[in-house]
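J.: Sequence first, predicted coordinates after that:
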Amino acid sequence: MAAPNPVNWFEIPVNDIARAKNFYESVLGYELSVNEMGGAEMAWFPMSPDGAGATGTLIKSEGYTPSHAGSLVYFTVPDIEVTLAKISEHGGSTLVGKMSIGEYGWIAHFQDSEGNRVALHQAP
């Protein structure tokens, strides 16, 4: 059995959980489930216990501030250009357009509805 990847969870800070949930559902096509834990409002991305990669949440809580600084989360998408168009339609903006990373495909960076820098990856 292969060793698991080192990352298994991410949290994306938000100011408005409903607005951010709508943005990510509209852009990525996932249904997020709203939860509250320890006083934090969260919208969880879907999770497959046996699936590869990480999952995570949008989170609104004290000490969480949307930012362009810090860690960068990459979402896998089938078509970066289509996704960037949806981002623009739903209140986000392109920061770095589609860029080749050679044999590994393409990437792009965007600003979400909350002011976070987030990224996309498209496999070759």
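T.: Yes, it's here. Owing to the predicted nature of the structure, the values given are computational and were not obtained by experimental measurement.

J.: Check which helices and strands the host helix or strand of V118 sits against.
T.: Here V118 sits within strand 117-122, counting by DSSP states H and E. Counting contacts by 3 or more CB pairs under 8 Å, 6 or more residues apart in numbering; DSSP states H and E, strand 117-122 packs against strand 74-76, helix 80-89, strand 106-111. To be clear about C-beta, it is placed using only N, CA and C from the backbone, and glycine gets the same treatment.

J.: Name the residues of it that are buried.
T.: Buried residues in strand 117-122, counted by 16 or more other CB atoms under 10 Å: 117-118, 120, 122.

J.: what does that strand rub up against?
T.: 12, 67-69, 72-80, 83-84, 95, 98, 105-112 (CB atoms under 8 Å, 6 or more residues apart in numbering).

J.: Who does that strand pair with, and is each partner parallel or antiparallel?
T.: Here strand 117-122 is paired, per DSSP bridges, with strand 74-76 (parallel), strand 106-111 (antiparallel).

J.: most packed of those?
T.: Per-stretch averages of neighbours, counted by mean count of other CB atoms under 10 Å, single out strand 106-111 among these, with a mean of 19.

J.: Helices along the protein, start to end?
T.: 17-28, 80-89 (DSSP state H).

J.: Enumerate the positions of the first one that are buried.
T.: Put plainly, it is helix 17-28. If you call a residue buried by 16+ other CB under 10 Å, then helix 17-28 has these buried ones: 17, 19-24, 26-28.

J.: Mean pLDDT and distance to P46 added to the helices of the chain, as JSON lines?
T.: Shown next, in JSON lines, are those (pLDDT from 0 to 100; distance: least, CB to CB, whole Å):
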{"stretch": "helix 17-28", "mean pLDDT": "98", "distance to P46": "10"}
{"stretch": "helix 80-89", "mean pLDDT": "98", "distance to P46": "17"}
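
J.: Using a markdown table, lay out those together with distance to S48.
T.: Output for the helices of the chain, formatted as a markdown table (distance: least, CB to CB, whole Å):
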| stretch | distance to S48 |
| --- | --- |
| helix 17-28 | 15 |
| helix 80-89 | 21 |
